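[1] coords please:
(4 chains)
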There are 2 protein chains.
Amino acid sequence: MNAKHIQEIRAFNRFYTNIIGLLDRHILHSNYSLPEVRIMFELYHNRGMTASDIIAQIDIDKSYLSRILKGFEKNKLINKVSSGIDKRAIMLQLTPKGKKEFETLDKASEKQIATLFEKLSDKECDELVKKISGIQKLLKKSLQNE
Amino acid sequence: MNAKHIQEIRAFNRFYTNIIGLLDRHILHSNYSLPEVRIMFELYHNRGMTASDIIAQIDIDKSYLSRILKGFEKNKLINKVSSGIDKRAIMLQLTPKGKKEFETLDKASEKQIATLFEKLSDKECDELVKKISGIQKLLKKSLQNE
DNA sequence: ACGAAATAGTGGACAAAGTCAACTAAATTT
DNA sequence: AAATTTAGTTGACTTTGTCCACTATTTCGT
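    Here you go, the predicted model:
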């Protein structure tokens, strides 16, 4: 890794930070915050997670998470069920209402992306996705502990 | 753009959001916030910007920016000089202290990146950078207004 | 088996980040 | 010359996020 590599990566970070901002814009007009949606995503895609499982996936302060989950429960988006095995742990699950809310956000997100990239041809999209997965592969390799 | 493309892009966003978090980690232990560093970056790389110029570059609320700049001035990181031409506008410039502070952060950021990607060979870095710039080119094309 | 240490989650108090609307002053439009 | 727009500031506020101390379990070391 030389100085040029580093500069290119930094430029990309600045650039892509803006892109992510654009892609998250639909959330600003929803009733949820970014971390809330990110948490819903995890709960939607994994059955029976605990708060700790969520923390393992996304970098979030546990007390902040606790508060968000409390809010979810209050609004009937999730059920909290004590895990039988470990009495400290609590199993979380989206209610039908919670699932529906997430799906609405999810659809909006898809639409946002489709709009943002509408100028690209199918061929260009293929190219984009190919590069994207190449990057992920490289980065994951470098991030592997040990 | 089809459903598969969209899913891949979203997965990349989630992934890369975490990467950005890792890359910004050094800022958490500095005396500055992320937006502050981002603003310093702009001031470092462009001479004689106004607050409006900064807003054109980064998406930030003008009153929030105003407060940050006020803090910078208080800590002698910038000079504010009324622009001769337009008496409403104020030219901003990093002081030597401001430049030095930014350079320190900048070095830390370089180091952070180098550490994060240390497992990649030079060849892999070349590959990474090539893909990165390809992505930027595609996205910029799609984002062009009109 | 028993005490010490670790883990799961919560709650209070607080700090940081960011927004909104109202405002002054200068510049531009009509 | 009045009306509108633009540059920037300020007060009051909300949202977002962190820190620390705490309870209740569970696991570890001996």
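[2] switch to C-alpha atoms for all contacts and neighbour counts from now on
    Will do.
[3] Residue A:32: what secondary structure?
    coil (DSSP: H, G, I helix; E, B strand; the rest coil).
[4] what about it, neighbour count?
    15 (other C-alpha atoms under 10 Å in any protein chain shown).
[5] And it, its phi and psi?
    phi -120, psi 160 (degrees, to the nearest 10).
[6] I'd like the distance from it to residue A:77, if you could.
    12 Å (C-alpha to C-alpha, to the nearest Å).
[7] Show me what whichever helix or strand residue A:137 is part of is packed up against.
    Using DSSP states H and E, residue A:137 falls within helix A:122-143. Applying 3 or more C-alpha pairs under 8 Å, 6 or more residues apart in numbering or on different chains; DSSP states H and E, we find helix A:122-143 packed against helix B:3-28, helix B:122-143.
[8] Give me the buried positions along the shortest one.
    Right, helix B:122-143. B:125-126, B:128-129, B:131-136, B:138-139, B:142-143 (16 or more other C-alpha atoms under 10 Å in any protein chain shown).
[9] mind exporting it as CSV, just the C-alpha atoms?
    Only the C-alpha atoms of helix B:122-143 are listed here, as CSV (Å, rounded to 0.1, in the frame of the first residue of the first chain):
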residue,chain,number,x,y,z
ASP,B,122,0.6,-4.1,-3.8
LYS,B,123,-1.0,-5.9,-6.6
GLU,B,124,-4.3,-6.3,-4.7
CYS,B,125,-4.1,-2.6,-3.7
ASP,B,126,-3.8,-1.7,-7.4
GLU,B,127,-6.8,-3.9,-8.1
LEU,B,128,-8.8,-2.3,-5.3
VAL,B,129,-8.0,1.3,-6.4
LYS,B,130,-8.9,0.4,-10.0
LYS,B,131,-12.3,-0.9,-8.9
ILE,B,132,-12.8,2.0,-6.7
SER,B,133,-12.3,4.5,-9.4
GLY,B,134,-14.4,2.5,-11.8
ILE,B,135,-17.3,2.7,-9.3
GLN,B,136,-16.9,6.4,-8.8
LYS,B,137,-16.9,7.0,-12.5
LEU,B,138,-20.2,5.0,-12.9
LEU,B,139,-21.9,6.6,-10.0
LYS,B,140,-20.9,10.1,-11.0
LYS,B,141,-22.3,9.4,-14.4
SER,B,142,-25.6,8.4,-12.9
LEU,B,143,-25.7,11.3,-10.6
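[10] Present the helices and strands packed on helix A:122-143 as JSON lines; the columns should include distance to residue A:21.
    What follows is those, written out as JSON lines (distance: least, C-alpha to C-alpha, whole Å):
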{"stretch": "helix B:3-28", "distance to residue A:21": "10"}
{"stretch": "helix B:122-143", "distance to residue A:21": "13"}
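[11] Residue A:28 is nearest to which of these?
    Across these, residue A:28 has its closest neighbour in helix B:3-28 (16.9 Å, C-alpha to C-alpha).
[12] Output the contacting helices and strands for the closest one.
    By 3+ C-alpha pairs under 8 Å, 6+ apart, helix B:3-28 packs against helix A:3-23, helix A:96-116, helix A:122-143, helix B:34-45, helix B:96-116.
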